[in-house]
Every structure is written in structure tokens, then in C-alpha cells.
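> What shape does this take:
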Amino acid sequence: MQNLPGASELLLNMCIVFIGSLTLQFFLPMIKPGGMARTLFVQAVLNIEMFLCMSFPYTQAKGFSFDLRAIPMILGPLYGGPVTSATMLTLFLTYRIFIGGPQTMKGLVIGISLVGFSLLMSRYFTDAPRAKKVVLAAAPMVLLLSGLDILLWHALEDVHGRILILVAFDFINLILLTATILGMEYVAENFKLSQEINRTEKLHVVGELAASIAHEIRNPLTVTRGFLQLAIQSHRVPPDEKDYLATAVDELDRAHGIINDYLSLARPSTDESTSIDLDELVRHVVDTLSPYAHLHNVKVSLHVSSRVCVPGDSKKLTQLFVNVIKNAVEAMPAGGLVTIRTQCSKSRGTVSIRDTGIGMSNEELKRLGNPFYSTKANGTGLGLMASYQICRSLGGKIEVSSSPGKGTEFTVYLPLTKCP
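Just a heads-up that it's a prediction; the model follows:
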């Protein structure tokens with residue numbers, strides 16, 4: 001290695017990027033998306049990585065420093081967003097001016113362009129599949145390297161081995177960037193998979209428990225319902241009291257339906273999927289729950305988009321939204337506002353349900369959807385767990401954001417289908 005100029009500095013740069021990437025890979029999936037903690041963590045790791053790479057360039061020629069700073073400068077906007085981009089750009093500009101040199105102005109322009117273009121790519125990055133993420137990350141890198149190659153080809157005209165310098169620079173940056181993206185996405189997917197396995201195991205336990213007691217519960221319900229129907233048909237019961245008996249029968253039927261709903265957690269759904277008008281279904285749920293919301297001094301504001309259709313079973317989807325909206329109403333004991341919006345993107349329909357209630361902490365958010373966990377004093381958590389299960393069975397997902405004292409927002413994503 002001593003015979004190769006800059007080899008030790010190159011290895012140092014690669015180790016800096018490698019250690020920073022490993023740090024992001026193993027800790028980033030554990031931090032809640034969209035939170036300040038995630039932003040600060042990404043900022044700290046990538047800013048330190050960029051600072052160290054700039055401090056130890058592996059080759060210098062004609063005032064140009066060759067290092068791997070471009071990798072953290074691309075990852076920052078993609079994974080950290082605008083705040084991380086602004087912080088990283090400020091640090092870069094300050095440190096690059098401090099370093100100085102004849103090519104300072106060109107370096108500043110290149111750095112600003114790199115961060116800015118990466119920030120534009122970030123709007124398509126979050127929800128993209130793994131292969132597309134690599135392409136989106138490589139786009140600003142290729143743009144940077146192409147511009148640098150043209151610029152440096154003439155600037156390094158009298159430098160021995162300029163082709164080797166440029167090819168090695170391009171190759172190392174692209175390979176390390178691709179490996180970093182693939183590694184981070186692989187670890188993130190494995191982390192999500194392990195969470196899904198844990199959740200599935202809990203659902204299986206609850207399903208087995210429900211199945212074991214369902215038979216014992218159904219027998220007395222069936223017997224009770226039979227005697228109530230006999231009493232309704234009897235001439236000895238006054239007509240006005242038969243109305244009370246009919247109400248009791250209806251409630252027994254509702255209890256039987258609830259048992260079936262929870263049993264669905266233990267077995268795959270066999271319901272036929274049909275095209276459902278999402279706006280119409282949500283409007284029906286809101287109309288149904290309006291008296292309940294009024295009783296709790298809660299106003300419900302509904303904003304629907306153009307017609308949105310999703311595949312699924314109307315009863316299951318109704319149960320999903322009833323559970324979520326009812327929880328939103330109950331999260332405001334002193335009254336408040338529930339805002340419901342339906343939207344349509346290119347590939348999915350979205351329903352957001354936001355309340356102005358007591359909110360939840362990060363620890364409470366992590367436990368949402370677990371069996372027998374509820375933030376309500378008399379809650380069981382099974383209703384929300386059933387909602388998560390229904391959404392997943394339809395190929396959708398539920399995201400929750402909340403802050404104590406500021407309210408909670410549930411966002412339900414569902415795949416689209418053609419409207420009849």
C-alpha cells in the first residue's frame with residue numbers, strides 16, 4: 001500500500017462511509033419515521049461522515065480534492081428531507097470556504113447542485129421500490145460525476161494518470177453509493193418483516209383464544225335467543241314489552257357478529273372482493289356515527305375527493321373505519337373536531353382521520369394494534385387490531401402520527417380498482 005499514493009487515505013474514506021452506512025442501517029429502521037429524533041440522527045451521522053471525508057481527501061490535483069463526500073451529501077436529502085439538506089449544505093459551505101483553495105467557487109457550486117438535485121429526487125424516494133431507490137440515488141451522482149469528468153479532463157491535462165484518477169473516482173462513488181442504499185433497504189425490510197412476524201404471532205394467539213371460547217359463548221347466546229323469540233311469539237307477553245324483547249334479540253345478534261369479527265383474526269378471509277366506492281362508504285360511516293359524535297360534543301368535518309374505488313368487502317371496510325373514527329371521537333373527552341379527508345393518487349386511495357384530542361406518545365404509538373393494548377380505560381385494543389388486520393388483508397396499510405396534547409392522525413392507504 002505504501003507504493004500507491006493516496007491508498008491509505010482512500011481506505012480511510014471508504015471506512016468512514018462504511019461505518020456511517022452501518023450506523024444508519026442498524027439504527028434508522030428503529031426510529032419512528034417523520035419524527036425529530038430521526039431527522040437529528042440522520043443529520044448527525046451524515047454530517048460527521050461528510051466532514052471526515054472532506055478532511056482526508058485521497059488525491060489532490062490542480063486544487064481539486066478527491067474524496068467520497070458526495071455519498072453522504074446524496075443520502076442526507078433522500079433519507080433526512082429538507083431540514084437535513086439545509087443543515088448539511090450549511091456545514092458544507094462553511095467548511096469548504098474554510099478549506100479554501102483556487103477551486104473553492106467551483107466546489108461550492110457543485111455541492112449546492114448535488115444537494116439540491118438530491119432533494120428533488122427525495123419526493124419520489126420514500127415509497128419507491130428498492131431498485132427504483134438505487135436509480136433515484138444514482139441520478140444525482142451520475143450528474144455530478146459527468147460534470148466533474150468534463151471539468152477535470154481539461155483541468156488535469158498535464159497530470160499523469162488522469163484517466164485512472166477519474167475512472168477510479170467514478171467507480172468507487174457509484175459502487176459505494178449503490179451498496180449503501182441496498183444495505184439500508186435490506187436491513188429496513190428485514191426489520192419490518194420481523195415486526196410483521198411478531199404481530200402475526202400475536203394475532204394467532206388471540207385467534208386461538210377466541211376460537212377456543214367461541215363455542216362456549218355461542219351456546220348460551222343461541223339458547224337465550226331461542227327463548228326470547230318464543231316469548232315474543234307468546235300471547236301472554238304484553239305487546240309493549242315485546243319491543244324490549246326484540247331489542248334484546250337484536251343485541252344478541254350483534255354480540256354474535258362481534259364474535260365472528262374477532263374469529264376472522266384467526267382465519268383467512270373468504271369474502272369476495274368487489275369494487276367499493278370509498279367516498280360513499282366513508283360518508284355512510286360518518287352519517288352512522290354522527291349521533292355518537294354529537295353525544296360527545298365532537299364535530300365531524302368530511303372532505304371527499306372525486307370518486308375513488310377500492311377492492312374489498314364493504315362490511316369489513318365499514319368495520320375498519322367505524323373503529324378508527326369511533327376511537328378519534330373517544331380521544332376527545334372535552335369535545336373537539338374530527339377531520340376526515342379522502343384522496344386519490346396514481347396507485348392508491350387515502351383516507352386520513354385527524355382528531356384534536358389528547359394525542360399519544362411514541363411509546364404508545366409503537367404498541368398500537370397489539371392485542372389487549374388500549375389507551376382507553378375500558379378498551380381491549382381488539383377493535384383497532386381488527387382494523388389493522390382488515391387493512392393488511394386488502395393489501396393496504398395504516399400509518400399513525402401523533403403528539404401528546406396535539407391530537408392524532410390515522411392515514412389508511414388502500415389499493416385502487418376500476419369503478420363500476
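> can you give me the helices for the stretch 1-150 of the chain?
For the stretch 1-150 of the chain, applying DSSP state H, counting those that start in this stretch gives helices covering 7-27, 36-55, 70-99, 104-125, 130-155.
> outside of the first one, which residues touch it?
Here helix 7-27 makes contact (CB atoms under 8 Å, 6 or more residues apart in numbering) with 1, 41-42, 45-46, 48-49, 52-53, 56-59, 67-68, 71-72, 75, 79, 172, 176, 179-180, 183-184, 186-188. The C-beta positions use only the backbone N, C-alpha and C, and glycine is treated the same way.
> lowest-confidence helix or strand of the chain?
The weakest-scoring helix or strand in the chain, judged by mean pLDDT, DSSP states H and E, is strand 59-61 (a mean of 64).
> ok so, going back, Serialize the helices of the stretch 1-150 of the chain to CSV and add fields for mean neighbour count and distance to G396.
As requested, these are exported to CSV (neighbours: other CB atoms under 10 Å; distance: least, CB to CB, whole Å):
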stretch, mean neighbour count, distance to G396
helix 7-27, 18, 27
helix 36-55, 20, 23
helix 70-99, 20, 24
helix 104-125, 17, 21
helix 130-155, 16, 20
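> would you list the ones you listed in TSV and tack on distance to G407?
Converted to TSV, these look like this (distance: least, CB to CB, whole Å):
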stretch	distance to G407
helix 7-27	29
helix 36-55	17
helix 70-99	22
helix 104-125	26
helix 130-155	32
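> Which among those helices is found nearest to C344?
helix 104-125 (18.0 Å; CB to CB).
> what's the average pLDDT for that closest one?
The average pLDDT within helix 104-125 is 86.
> can I get the CA coordinates of that helix in PDB?
Provided in PDB are the C-alpha atoms of helix 104-125 (Å, rounded to 0.1, in the frame of the first residue of the first chain):
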ATOM      1  CA  THR A 104     -13.400  26.900  -3.900                       C
ATOM      2  CA  MET A 105     -16.100  28.500  -6.000                       C
ATOM      3  CA  LYS A 106     -16.500  25.500  -8.300                       C
ATOM      4  CA  GLY A 107     -16.600  23.200  -5.300                       C
ATOM      5  CA  LEU A 108     -19.400  25.300  -3.700                       C
ATOM      6  CA  VAL A 109     -21.400  25.300  -6.900                       C
ATOM      7  CA  ILE A 110     -21.000  21.500  -7.300                       C
ATOM      8  CA  GLY A 111     -22.000  20.900  -3.700                       C
ATOM      9  CA  ILE A 112     -25.100  23.100  -3.900                       C
ATOM     10  CA  SER A 113     -26.200  21.400  -7.100                       C
ATOM     11  CA  LEU A 114     -25.700  18.000  -5.700                       C
ATOM     12  CA  VAL A 115     -27.800  18.600  -2.500                       C
ATOM     13  CA  GLY A 116     -30.500  20.500  -4.500                       C
ATOM     14  CA  PHE A 117     -30.900  17.800  -7.100                       C
ATOM     15  CA  SER A 118     -30.900  15.000  -4.400                       C
ATOM     16  CA  LEU A 119     -33.700  16.900  -2.600                       C
ATOM     17  CA  LEU A 120     -35.800  17.000  -5.700                       C
ATOM     18  CA  MET A 121     -35.400  13.200  -6.000                       C
ATOM     19  CA  SER A 122     -36.400  12.700  -2.400                       C
ATOM     20  CA  ARG A 123     -40.100  13.300  -3.100                       C
ATOM     21  CA  TYR A 124     -40.200  10.100  -5.200                       C
ATOM     22  CA  PHE A 125     -37.800   8.200  -2.900                       C
END
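> Would you map the helices across the stretch 301-420 of the chain?
For the stretch 301-420 of the chain, helices defined by DSSP H, counting those that start in this stretch occupy the ranges 314-330, 362-367, 382-393.
> To M385, which of the helices of the stretch 1-150 of the chain lies closest?
Distance to M385, taken as CB to CB, is lowest for helix 36-55 among the helices of the stretch 1-150 of the chain, at 25.8 Å.
> Would you mind getting the angle between the closest one and helix 70-99?
Orientation check (axes from the mean of the first three to the mean of the last three CA atoms, to 10 degrees): helix 36-55 against helix 70-99 gives 60 degrees.
> who does helix 36-55 touch, helix- and strand-wise?
Helices and strands touching helix 36-55, by 3 or more CB pairs under 8 Å, 6 or more residues apart in numbering; DSSP states H and E, are helix 7-27, helix 70-99.
> Recalculate using a threshold of 10 Å.
Using 3 or more CB pairs under 10 Å, 6 or more residues apart in numbering; DSSP states H and E, the elements in contact with helix 36-55 are helix 7-27, strand 64-66, helix 70-99, helix 104-125.
> For the third one, what is the distance to the chain centroid?
Translated: helix 70-99. Here helix 70-99 shows a centroid-to-chain-centroid distance of 24 Å under the convention CA atoms, centre = their mean, to the nearest Å.
> I'd like the average pLDDT over that helix.
88.
> And that helix, what does it pack against?
Applying 3+ CB pairs under 10 Å, 6+ apart, we find helix 70-99 packed against helix 7-27, helix 36-55, helix 104-125, helix 130-155, helix 162-233.
> Measure how that helix sits relative to helix 130-155, angle-wise.
40 degrees.
> Just the angle for helix 70-99 relative to helix 104-125, thanks.
For helix 70-99 against helix 104-125, the angle by the same axes, to 10 degrees is 150 degrees.
> Okay, now the unreliable bits of the stretch 151-300 of the chain?
Counting by pLDDT under 70, the stretch 151-300 of the chain contains low-confidence residues at 151-165, 199-200, 202-215, 257-258, 260-272.
> cutoff 80 now
Applying pLDDT under 80 to the stretch 151-300 of the chain picks out residues 151-169, 187-219, 235, 237, 239-240, 242, 254-273.
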